[in-house]
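1. generate coordinates for the sequence data below:
(one chain, ligands or ions: 1)
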Amino acid sequence: MKLLTVELKIFNSYKNQSEAAAALMVNVVLNKPDALCCLATGDTPKLAYRLFVERIKTEKIDVSNCAFVGLDEWLGVPPKNSGSCSYYLYEHVFNPLQLPFNQIFLFDALTENEASSCAKMDMFINLRGGIDVMITGIGMNGHIGFNEPGTDEYSHAHVMALHNTTKTIGQKYFATKTAIHKGITQGLATVMESKKLLMLANGKAKAQIVQKTLEEPVSVSLPSTFIKKHPGSYLFIDKEAAQNLL
Ligand code: PGA
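-> Numbering: from 1, shown residues only. As a prediction, the model looks like this:
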């Protein structure tokens, strides 16, 4: 199997890392005014999104032809719940940019028809000609979105049962203890088909999973290792997350 080189950048601080992530996103939308961006949620990309929004506004960059899709969502958690991925993306990106609904397509967490909801996401992405840039974090178990260990390598949007690690760690996003069992997510094939993949990790808690991602063979048992097979991938980490590599 041919492994391509990940563009690995180690930054002195979370701020520098986030500035570089925002710059990469800005470049994508400058080079392709109708870019489709796929956005993760979580603690990791928060500052990158704030800086991206700031640059779009201060530099008056036109994003009116861009579109944004979510990487994933907690199935069954309504968008008004502040722990939902939808709430997060509106709070950190869509509302600050005053994006109209027709530029946004998110997973329907309350769907009664999971297959149709997934098919609609895939269709939206296909109609836009694919994802130009996908921003992801790395889960403590190596998940990308809700592609948990053991995910199907050839999957597009799908529903996946969450691992206990994800259920436990995921509580940090919710104001009160919330039942989370399944995630609806872009699939690993969708990740691999995105033109650029920017994976972010910061803090020493991520040092071990970053090391494993880079050192272990590419396998669905550690989905984050697929970054090494992606032809346009970037891994931006801060020096704490890089501590096992140095
Ligand atoms: P985090 O989540 O950014 O909150 O660490 C990352 C992930 O689970 O993908």
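2. isn't E240 right up against A201?
-> No. Look at E240 against A201 with C-beta atoms under 8 Å: they stay out of range, at 9.3 Å. The way it works is simple: take the backbone N, C-alpha and C, and place the C-beta from them, glycine included.
3. out of those two, which sits in the busier spot?
-> A201 (24 against 17; other C-beta atoms under 10 Å).
4. show me the shaky parts of this structure.
-> 1-4, 246 (pLDDT under 70).
5. contact residues of it facing the ligand?
-> Listed as neighbours of the ligand in the chain under the rule C-beta under 6 Å from any ligand atom: G42, D43, T44, G137, I138, G139.
6. out of those, which are buried?
-> G42, T44, G137, I138, G139 (16 or more other C-beta atoms under 10 Å).
7. what's the closest non-adjacent residue to S219?
-> In this structure, S219 finds its nearest non-sequential neighbour in T225, 6.0 Å apart by C-beta to C-beta, 6 or more residues apart in numbering.
8. how close does the one you found sit to V159?
-> The gap separating T225 from V159 is 23 Å, by C-beta to C-beta, to the nearest Å.
9. which one's more surrounded, the two?
-> Neighbour comparison, T225 and V159: the larger count goes to T225, with 20 against 17 (by other C-beta under 10 Å).
10. surely the more buried one is in contact with V218?
-> Yes. Taking contacts as C-beta under 8 Å, T225 lies within contact range of V218: 4.5 Å.
11. pull out the buried positions in the longest helix along the chain.
-> Longest helix of the chain, by residue count under DSSP state H: helix 14-31. Buried residues in helix 14-31, counted by 16+ other C-beta under 10 Å: Y14, Q17, S18, E19, A20, A21, A22, L24, M25, V26, V28, V29.
12. what is that helix packed up against?
-> Contacts defined by 3 or more C-beta pairs under 8 Å, 6 or more residues apart in numbering; DSSP states H and E place helix 14-31 against strand 7-11, strand 36-39, helix 46-58, strand 133-136, strand 196-201, strand 233-238.
13. now with 7 Å?
-> In terms of contacts (3 or more C-beta pairs under 7 Å, 6 or more residues apart in numbering; DSSP states H and E), helix 14-31 is packed against strand 7-11, helix 46-58, strand 196-201, strand 233-238.
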